[in-house]
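what would the 3D arrangement of this be:
(one chain, ligands or ions: 1)
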Amino acid sequence: MSKPVRKFYGEAVPNGEIIQIVDGKATKPTRPVIPFIDGDGIGPEISVATRLIIDAAVRKCYGDKRSIVWLPAYAGDAAVAKFGSPLPAETLELLDYYGIGMKGPLGTPTGGGIRSLNVTMRQHFDWYSCVRPVRYFKGIVSVVKRPQDLDVVIFRENTEDVYAGIEFEAGSQAALEFIALAKKHGHDIREDSGIGIKPISKYASRRIVRAAIEFAIDHGRKVVTIVHKGNIQKHTEGAFLKWGLELAAEEFGDIMVSEDDLWKVHGGKLPEGKILLNHRIADATFYELLCKPLQFSVIATTNLNGDYISDDAAGQVGGLGIAPGANVGAKSAMFEATHGTAPDIAGKGISNPCSLTLSGVMMLEYIDWDEAAVCVTRAIEKTLRSKTATGDLARFMKNGNQVNTVQFTDAVIANMVKPTKRTVEAALKGKKAIRK
Ligand code: NAI
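Residues are numbered from 1 along each chain as shown. Alright, predicted model coming up:
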């Protein structure tokens, strides 16, 4: 059923298609409208670069048969300047209407001021699954010896945990009431404490673990690891693990093999067609990701663990500037850079657009424009392999060719080749990071 035509920000209605989710799958458009929030700091420069690269790949792969209709959406500094609010209601309505979006980073004040716009949007749209694929690109110099061994897709629960934003300032009425309540239940908390609440529900735990397992099944990945801190936080992180294991047994019992059974029943060898479901405590995960990265393939975890682990993993393969991300819900999805606004380099034209551009690759995969997705990825691979990179990466490369954002964008576009059908199939096997 088509939606009634709607104008946003008083602008003309763009001539393109609205992506619909039918039976859990995004419709395959030919001229989709993709709202784009450029973001703050380096956001505008990496957004321009990303759109140029994606448009070039779409042209290379489909000629004039397909194109993306980019629609400006406003949040952050640009929205304050234009509408006097960092997140106008119309922006939320627009994203809801089109059901998809891309986004540069948005600044958030630390220790006070407005609440994170990112967190607000994730909760508003119930983008419960934060999907972060982390892999190595040849040419990048990493701090580890074998960065190519890390190829992991992290499913981070996106709506709960300490990110729920339920906090009370020290000395406030609410904080004192919580302290009194805790005392009633036998827990002493210092009177001058700030209070934060960490809700973890069975519902949200089950759906993120489900998303991770379904992804592993769809993409031929062999291990799903539930990461938690349940040894200490028993009724939140511990419950996350318990509910995740229950879900796996109930819904995927015929496919998933526990670590116990792997050894006791199968002698340490995973049977054909099965997936190993194991679990690790968060701190051990950091250690093992670094020292035994081949053990990991798909990770399902809570919000804060996922935040830390994905940045850590990104660091292992060469830095935040290269790691993409998507926030996916049942009705809509947002593809965004995983790094922040990089205020130290904003406006200098030297930022690395790869994180946002590779999030654009996830967006292309989401709408099944696989050829364009592979075309962009291959062009970035070729550019980095030739040691052409922005300063954040080039300065570590031996004889690296350090270029600015515009030059890097031009180099990626110049390196584009239309992929063959076989290349696309081979490239996407096990790689496509979003399950619709
Ligand atoms: P950051 O990610 O902005 O910067 C950390 C370091 O990485 C800086 O040295 C920066 O120059 C570098 N860097 C980041 N992205 C880069 C890129 N594309 N190319 C080259 N270098 C890059 O983290 P920071 O400084 O902690 O946060 C700045 C602001 O961004 C804060 O207001 C924070 O809340 C916000 N933020 C927003 C996010 C989002 O919108 N999704 C995510 C993380 C932070």
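
what residues does stretch 34-41 touch?
Contact with stretch 34-41 is made by 43-44, 47-48, 51, 68-78, 91, 94-95, 98, 100-107, 337, 340-343, 346, 363, as judged by C-beta atoms under 8 Å, 6 or more residues apart in numbering. For every residue, glycine as well, the C-beta is placed using N, CA and C.

show the buried residues in those.
Among these, those buried by neighbour count (16 or more other C-beta atoms under 10 Å) are 43-44, 47-48, 51, 68, 70-78, 91, 94-95, 98, 100-107, 337, 340-342, 346, 363.

what about the contacts of stretch 34-41, which are in helices?
Gly43, Pro44, Ser47, Val48, Arg51, Asp77, Ala78, Thr91, Leu94, Leu95, Tyr98, Met363 (DSSP state H).

quick one: which of the residues you listed is nearest Gly10?
Leu94 (12.1 Å; C-beta to C-beta).

ok so, going back, the contacts of stretch 34-41: which ones sit near the ligand?
Residues of the contacts of stretch 34-41 in contact with the ligand (C-beta under 6 Å from any ligand atom): Pro105, Leu106, Gly107, Gly340, Thr341, Ala342, Pro343.

pretty sure the third one is in contact with Ala75, am I right?
No - using C-beta atoms under 8 Å, Gly107 and Ala75 do not qualify as a contacting pair, with a distance of 10.5 Å.

just give the nearest non-adjacent residue to the closest residue to the ligand within the chain, would you?
Relative to the ligand, the nearest point of the chain is Gly340 (2.4 Å; C-beta to the nearest ligand atom). Sequence neighbours aside, Pro105 is the residue nearest to Gly340 in space, at 4.9 Å (criterion: C-beta to C-beta, 6 or more residues apart in numbering).

distance-wise, check the one you found relative to Thr338.
9 Å (C-beta to C-beta, to the nearest Å).

test my guess that the residue nearest to Gly340 contacts Ile42.
Yes - counting by C-beta under 8 Å, Pro105 touches Ile42, with 7.2 Å between them.

what touches both of these two?
Thr341, Ala342.

for the stretch 1-150 of the chain, just list every one of the strands.
21-22, 25-26, 33-37, 69-73, 100-103, 129-135 (DSSP state E, counting those that start in this stretch).

relative orientation of whichever helix or strand comes after the last one and strand 129-135 in degrees?
Okay, so that is strand 129-135. Downstream of strand 129-135, the first helix or strand assigned by DSSP states H and E is strand 151-157. Taking axes from the mean of the first three to the mean of the last three C-alpha atoms, to 10 degrees, one finds that strand 151-157 is oriented at 160 degrees with respect to strand 129-135.

residue ranges of each domain in the chain, please.
Residue ranges for the domains of the chain, per automatic domain parsing: 1-133+323-436, 142-158+200-317, 161-197.

around the ligand, which positions in the stretch 301-436 of the chain sit nearby?
320-321, 336, 339-345, 351-352, 355, 392.

drop anything exposed from these.
Leu320, Gly321, Glu336, His339, Gly340, Thr341, Ala342, Ile345, Ser351, Asn352, Ser355, Asp392.

measure the residue lying closest to the second one once chain neighbours are set aside to Ser172 for me?
Right, the one you point to is Gly321. By the measure of C-beta to C-beta, 6+ apart, the closest residue to Gly321 outside its immediate chain neighbours is Asn352, 3.5 Å from it. For Asn352, the distance to Ser172 equals 41 Å [C-beta to C-beta].

now do Leu270
From Leu270 over to Ser172 (counting by C-beta to C-beta), the distance is 52 Å.

residue contacts, Tyr308?
Applying C-beta under 8 Å, 6+ apart, the residues near Tyr308 are Ala282, Phe286.

C-alpha coordinates for the stretch of helix or strand it belongs to, CSV please?
Assigned by DSSP H and E, Tyr308 belongs to helix 303-316. Output in CSV follows, covering the C-alpha atoms of helix 303-316 (Å, rounded to 0.1, in the frame of the first residue of the first chain):
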residue,chain,number,x,y,z
ASN,A,303,24.8,-2.3,24.5
LEU,A,304,27.8,-1.1,26.5
ASN,A,305,29.9,-4.2,25.9
GLY,A,306,29.1,-3.9,22.2
ASP,A,307,30.1,-0.2,22.2
TYR,A,308,33.5,-1.0,23.7
ILE,A,309,34.1,-4.2,21.7
SER,A,310,33.4,-2.7,18.3
ASP,A,311,35.8,0.2,18.8
ASP,A,312,38.4,-2.2,20.1
ALA,A,313,38.0,-4.5,17.1
ALA,A,314,38.1,-1.5,14.8
GLY,A,315,41.3,-0.4,16.3
GLN,A,316,42.8,-3.9,15.7
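
check the offset of it from the chain's centre.
Offset of helix 303-316 from its chain centre (C-alpha atoms, centre = their mean, to the nearest Å): 11 Å.

and the angle from the helix or strand that that helix is followed by to strand 151-157?
On the C-terminal side of helix 303-316, the closest following helix or strand by DSSP H and E is strand 324-328. Interaxial angle, strand 324-328 versus strand 151-157 (the same axes, to 10 degrees): 40 degrees.

could you give the mean pLDDT of strand 324-328?
The average pLDDT for strand 324-328 rounds to 95.

kindly report the same for stretch 157-176.
94.

for that stretch, buried residues please.
Result for stretch 157-176 [16+ other C-beta under 10 Å]: buried residues Glu157, Asn158, Thr159, Glu160, Asp161, Val162, Tyr163, Ala164, Phe168, Ala175, Leu176.

show me which residues of the stretch 51-200 of the chain are close to the ligand?
Going by C-beta under 6 Å from any ligand atom, the residues of the stretch 51-200 of the chain near the ligand are Pro105, Leu106, Gly107, Thr108, Asn118.

give me every residue that touches the third one.
If I follow you right, that is Gly107. Asp40, Gly41, Gly76, Asp77, Gly340, Thr341, Pro343.

equivalent analysis for the last one, please.
Taking C-beta under 8 Å, 6+ apart as the criterion, Asn118 is in contact with Leu106, Thr108, Glu336.

correct me, but the first one touches Ala78?
Think Leu106. No - using C-beta under 8 Å, Leu106 is not in contact with Ala78, being 9.9 Å away.
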